[in-house]
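>>> My questions are about this predicted structure, shown below with the sequence.
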Amino acid sequence: MLVADRGIVVLAKGDGLANTELAPMSADSLFEIGSISKAFTACGTLRLEMEGKLRVDAPIGLYLHDVPEHASGITVGHLLSHTSGVSNEGRFQEDTGPAMVKGMLALPLRFAPGTKMEYSNVGYFLLAAIIEQVSGKSYEAFIAEEVLAPAGMTGSRMVGIPPKDPRLVTTRVDARGGRKARASDQPYSMAWGYKGAGGVVSSARDMLAFDKALRGDQLLDETAKGRMFTAGLGEYGCGWYIGSGARGWRHEHSGGVWGYASQMIRHEDGTVIIVLTNGNNDPVGLAKKLEATVIPESSEAMKITLGAAGLLIDATGQPKMLDIEKTAGVRAKRSGGGAIVEMFDRQRPDQTHVRIEMTDPMARVLMAHIHNLSPQRQPAVEGSALCRLRVAWIPYTREQDGGIRLPESARVVVESRYHGLGENGQPVSDMRPTRIVLDEEHGFWPVIISMDEPIASRLADDLEAALK
């Protein structure tokens, strides 16, 4: 599973064993993702439109042979959005694309195209056939070359393609717990009763790469992304269910195939939840719990309490700087459902210069930020580290215990350096990791702490221990 909060990975782990060789699960373990593969089929189709090789609003008869009259009104877009009316009944497994197309389209339509949304695997079988007809490549080769590769999904592949590292491939687990074939194997035919609707084998880390590629321009231009992520009937776009939440737009899709189940949720601010499982699990429920942890329905406001440093604010409320040489320390500890981070005097540990109480998600994001800026951990040497503290009250009211409670929009970030104004309004540059409490509602930084690398590393270690 993997969780990214505003683009920062705060959880990337596996739970249990990946395969019969007892290799441990990880964020790089490979699973078959089932119907989340539809996002890849949709992406491939939209790339062909970008290249001028097809039109999403064109009838499928332009790209498929032997389309009967009753199905002539179906467009490529209808297939992408599950509004074509094609039947999900009948014999799905066919040896060739033309045989599948003829058999599926011979059945009566369930409703007039474009009048209703009804989830249809058959519609995506037909999209795979269109991709092969238009591109001149097999569906598997096209998705690998035109979607997986440009997205940087180096470990992902299609069912039936051997992996680079067999230890990463998970084993299918049936409802009784029996271990069967691996994700990269073909225990059933990857023929025309699955192709297009499923078949992608990927990892949580690679799926995050797919998310990032969709946000950028590696896969789709703005027009194509507009098509993919515009909700139609049933709140479905192209390969994704489209909605909104506390952080802007929200996209999701689940997947289920023999031995595997999966769920992926994307938010506008870069928050992503990916849960891939093998066996009798509930990835949808787990993903929602993880989502609720990262984006709680009602978050408790962050609270800051200043000690002696609070006296160093002048009459106009301008921030003062406090350099604490040799005796500076930063520590973290668990507190209820969150964590407390303190800057203190190492010679007098009971003297706290600043105390920041934050929720569990805030603390995990802070830890991830520090890890990302400090990949090479350095041990702190007693007496050698230096911290600089900048504080300001505006526009807050101090509570009786000396603390202030920030709006729910407040969060903690870590920058690789600090550039801003100092005590006398003069420009200040500090090239060390800098922890900033950011109040987005007021566009204000009430607390800024710059730390030497060893102190930043120690803080990350303390947070990791506190949050276990």
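Happy to help now that I have it.
>>> The closest residue to P150 other than its chain neighbours: what secondary structure?
In this structure, P150 finds its nearest non-sequential neighbour in Q218, 4.9 Å apart by C-beta to C-beta, 6 or more residues apart in numbering. (Each C-beta comes from the backbone N, C-alpha and C, glycine too.) Q218 falls in the coil class when you classify it by DSSP: H, G, I helix; E, B strand; the rest coil.
>>> Count the residues that sit near Q218.
The number of residues packed around Q218, counting by other C-beta atoms under 10 Å, is 15.
>>> the domain parsing of this structure - what is it?
Annotated domains of the chain cover 10-239, 303-466 [automatic domain parsing].
>>> Go through those domains and pick out the most buried.
Mean neighbours per residue, mean count of other C-beta atoms under 10 Å, is largest over those for domain 10-239, with a mean of 19.
>>> Distance from the chain centre to it, please.
In terms of C-alpha atoms, centre = their mean, to the nearest Å, the centre of domain 10-239 is set 19 Å apart from its chain centre.
>>> Distance to K288 and mean pLDDT for the domains of the chain - can I get that in JSON lines?
Conversion of those to JSON lines gives the following (distance: least, C-beta to C-beta, whole Å; pLDDT from 0 to 100):
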{"stretch": "domain 10-239", "distance to K288": "15", "mean pLDDT": "86"}
{"stretch": "domain 303-466", "distance to K288": "15", "mean pLDDT": "70"}
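>>> got a markdown table for those, with distance to T277 too?
Converted to a markdown table, those look like this (distance: least, C-beta to C-beta, whole Å):
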| stretch | distance to T277 |
| --- | --- |
| domain 10-239 | 7 |
| domain 303-466 | 22 |
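>>> out of the ones you listed, which comes closest to E252?
E252 lies closest to domain 10-239 among the domains of the chain, at 9.5 Å (C-beta to C-beta).
>>> First-to-last residue distance for the closest one?
End-to-end distance of domain 10-239 (C-alpha to C-alpha, to the nearest Å): 26 Å.
>>> what do you get for stretch 276-288?
In stretch 276-288, first residue to last residue: 13 Å (C-alpha to C-alpha).
>>> Could you do stretch 332-349 as well?
13 Å.
>>> Quick one: distance of it to the chain centre.
Centroid separation for stretch 332-349 versus its chain: 30 Å, with C-alpha atoms, centre = their mean.
>>> ok, now how distant is the residue nearest to P150 from E51?
Applying C-beta to C-beta, to the nearest Å, the value for Q218 to E51 is 15 Å.
>>> re the thing from before, closest to L276 out of the domains of the chain?
domain 10-239 (4.1 Å).
>>> where exactly do the helices run in the chain?
37-50, 76-80, 97-106, 121-135, 139-143, 204-215, 222-228, 283-294, 360-373, 453-466 (DSSP state H).
>>> Give me the residues contacting the fifth one.
Contacts with helix 139-143, where a contact means C-beta atoms under 8 Å, 6 or more residues apart in numbering, come from 40-41, 44, 128, 131-132, 135, 158, 160-161, 190, 195-196, 199-200.
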